[in-house]
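# Give the three-dimensional model of this entry:
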Amino acid sequence: MMSLNPVSIYNQGADEERAEIARMSSFVGAVAIGELVKSTLGPKGMDKILVRGDPSSGQEPEIIVTNDGATILKSIGVDNPAAKILVDLAKVQDAEVGDGTTSVTVLAAELLREAEKLIARKIHPQTIIRGWRLATKAAKEALENAAVDNGKDEEAFNVDLMNVARTTLSSKLLTQHKDFFAKMAVTAILRLKGAKNLEAINVIKKLGGTMTESYLDEGFILDKKIGMNQPKRLENAKILIANSSMDTDKIKIFGSRVRVSGAAQVAQIELAEKQKMKEKCDKIIAHDINCFINRQLIYNYPEQLFADAGVMAIEHADFEGVERLALVLGGDICSTFDRPDLVKVGRCDLIEEVMIGEDKMIKFSGVARAEACTIILRGATQQILDESERSLHDALCVLQSTVEETRTVGGGGCCEALMARAVRELAETTSGKEAIAIEAFAVALMQIPVTIADNGGYDSAELSSQLRAAHAEGRSTSGLDMEKGEIGCMKELGITESYQVKRQVLNSASEAAEMILRVDNIIKAAPRQRRPDHCR
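Numbering: from 1, shown residues only. Model prediction:
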C-alpha cells in the first residue's frame, strides 16, 4: 500500500518554503527593511542609535548615532533572504556612488509592496516584471531628458557642485553647517583635478571644539609624533617608506632555545643582534634619505642610530597611513633594503610638527602629488565625529561622481515625480495587464516624496497631490520645499542632485525588486554537523 506521507528529498534539518509562502516571506522581509530606514529619508529624517556589543560581557558597548542607510543596514543582523538582498543593495549603492542608500532601499521595498497587491489580484509575477521593465525604460528616458549638463561652463558647474554638496549634506548631521562643509568638500574635490582616487583626501578626527572649527589643510597630515632626539623640522625631505621590523630584543627563530654557560655569552648574543640591526640601519641610510617612516615600531637602538645620522624617524604609522603616504609622496613601500637603486624614494618640500587641539601631528607640505589635502574634523563627542566623517565621505563620493558624470537633476522629490508622470503616461497607452504593473511602478516612485513629506511632519497627501498637479501643468522643476512645507522650484532653491546617483537608485531598486519577485521557493540547507574530535 502506498504511503500518503510527504516525501522529503533534503537532508535532515533542511527547510523549504514554497510558492505563496516563499513569496510572502520575501515580501515581508523586504518591506520590513524598507520600513526600518524609511524614517531617515530626507532633510527632516530621524536618526537611529545602534548599540554594538553585549553589556553583560563586561565591555562597554559601542554606540553609533546615524541616519545613513548603509551604516544602519550593515550593523543589523538579518535572517530573511530577501532582507539580505536589500542590505547588499544598500552596500553596493554606497560603494558605487556614496549616497542614495536609503532611497534605493525604500524604492525597492515600495515596489515589492505594490507587487504584493498585484499578486493578490492574481496577476502573474512575469507579467508584473514585463510591466516594470517598460516602466524602468520610460523613467530612465524622463530622467535623462530632465538632466542639465553644465560641465563645459566652469562657473555654472562650480555652482552645481556647491548645490549638490549642500543637498547631500542637508539630510545629514552637518545640515546646520552645510554651506561651511559643502565649500570644504568642493574645494577638496576640485584639488583632485579629475583624479578618481579619493585616497589623496585624508580625514582626521579630533575630539574637542565645535564642528565649525573643522578645516581643510593643504598637504598631508599624519596622526603620529616624531621620535625622540629627532629634528622637528625638515626641508627638502627625501623619504623612505617601509614596513619592516626594527626591534633588537627578539631572536627571529620561533620556538628556538639558546643554552649559554655564562652572562658573557648572553652579552655576545645581544651584541650580535645589535650589529645585525646596525647593518640594517646602515642599508636604510645608504638610500640617501633624511626621513624614514616605518609601519612597525622602531626600538631605541635603531632610533638612536637614525638620530646620529641626522635622519628623522617616524614609527608605527598604521597601514592605511603608510599606503596614503606612498600615494601622495610618490614613493614605494619597502620591506628589504639591499637594492637602493630599485627603490623609489618619496619627496616633499617640508616636514614639520604641528599642534591640532592638544595633540602633536606631522605635516607634509609640498608633496609630489599636489592635489593631496587633509580635512581636520572637530566635534564634542566621538559619535558626532564619526557621523560627521560619514556625512562628509558621502558628500565627497557624490561630488566625485558628479565630476565624472557632470549632469545634474532636481532634488526634493522632483525627479521622482517627473519619472512617475512619464510612467503613468506610458500606462495609459499600454494595453493588457502590464499597464496595471506600470501604474504600480509610478505609485512606488511617488512614495519617495511622500516619505520625505511625512518625515518633515507635513501633510504628505496634500503635498504629493500638489506636486503631481504641478508636473501635470508642465512645471517640471517643481519639488518639495521642506523649509516652508510647500511646493517650490528646485532650480531657484538650488536643490540639486547628481544624475548618476538617481540613475543608480532607479536601476538598482528595479533590478533587486525584480529578482526578489521571481522567487517561488526558498530552500535552507541543513546546518553542517560538527564531527566529534577523536584527537587526544
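
# Please count neighbours and contacts with C-alpha atoms only from this point.
Fine.

# Now do the same contact list for residue 348.
Neighbour list for residue 348: 235, 236, 237, 238, 329, 364, 365, 366, 367, 368 [criterion: CA atoms under 8 Å, 6 or more residues apart in numbering].

# so who does the residue lying closest to it once chain neighbours are set aside touch?
Among residues not flanking residue 348 along the chain, residue 367 sits closest, at 4.3 Å (CA to CA, 6 or more residues apart in numbering). Residues counted as contacts of residue 367 (CA under 8 Å, 6+ apart) are 219, 220, 328, 329, 347, 348, 349.

# Just the ones of those in helices?
328, 329 (DSSP state H).

# Now do the SS call for residue 439.
Classification of residue 439 by DSSP: H, G, I helix; E, B strand; the rest coil places it in helix.

# And for the one 5 residues further on?
Assigned by three-state DSSP, the conformation of residue 444 is helix.

# State the distance from it to residue 112.
9 Å (CA to CA, to the nearest Å).

# which of the two has more neighbours?
residue 112 (28 against 23; other CA atoms under 10 Å).

# pLDDT on stretch 154-170, on average?
Average pLDDT, stretch 154-170: 91.

# Which residue ranges of the stretch 51-200 of the chain form strands?
62-66, 148-149 (DSSP state E, counting those that start in this stretch).

# contact partners of the shortest one?
The set of residues external to strand 148-149 that reach it, using CA under 8 Å, 6+ apart, is 406, 407, 408, 409.

# Pull the number of nearby residues for the nearest residue in space to the second one that is not next to it in sequence.
Taking CA to CA, 6+ apart, and ignoring the residues beside it in sequence, residue 407 has residue 149 as its nearest neighbour in space, at 4.3 Å. A count of nearby residues for residue 149, using other CA under 10 Å, gives 16.

# Could you check how far residue 149 is from residue 183?
21 Å.

# ok so, going back, out of the strands of the stretch 51-200 of the chain, deepest packed?
The highest mean neighbour count among these, using mean count of other CA atoms under 10 Å, belongs to strand 62-66: a mean of 17.

# The residue nearest to residue 442 when sequence neighbours are not counted is in what secondary structure piece?
Spatial nearest neighbour of residue 442, chain neighbours left out: residue 420 (4.4 Å); criterion: CA to CA, 6+ apart. In this assignment (DSSP states H and E), residue 420 forms part of helix 414-428.

# pLDDT weak spots in the stretch 251-400 of the chain?
251-256, 319 (pLDDT under 70).

# Show me the helices in it, by range?
Per DSSP state H, counting those that start in this stretch, the stretch 251-400 of the chain carries helices over the ranges 263-285, 300-308, 319-329, 382-404.

# can I get those helices in a markdown table with mean neighbour count?
As requested, the helices of the stretch 251-400 of the chain are exported to a markdown table (neighbours: other CA atoms under 10 Å):
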| stretch | mean neighbour count |
| --- | --- |
| helix 263-285 | 15 |
| helix 300-308 | 18 |
| helix 319-329 | 19 |
| helix 382-404 | 22 |
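
# closest one to residue 343 among the ones you listed?
helix 263-285 (10.9 Å; CA to CA).
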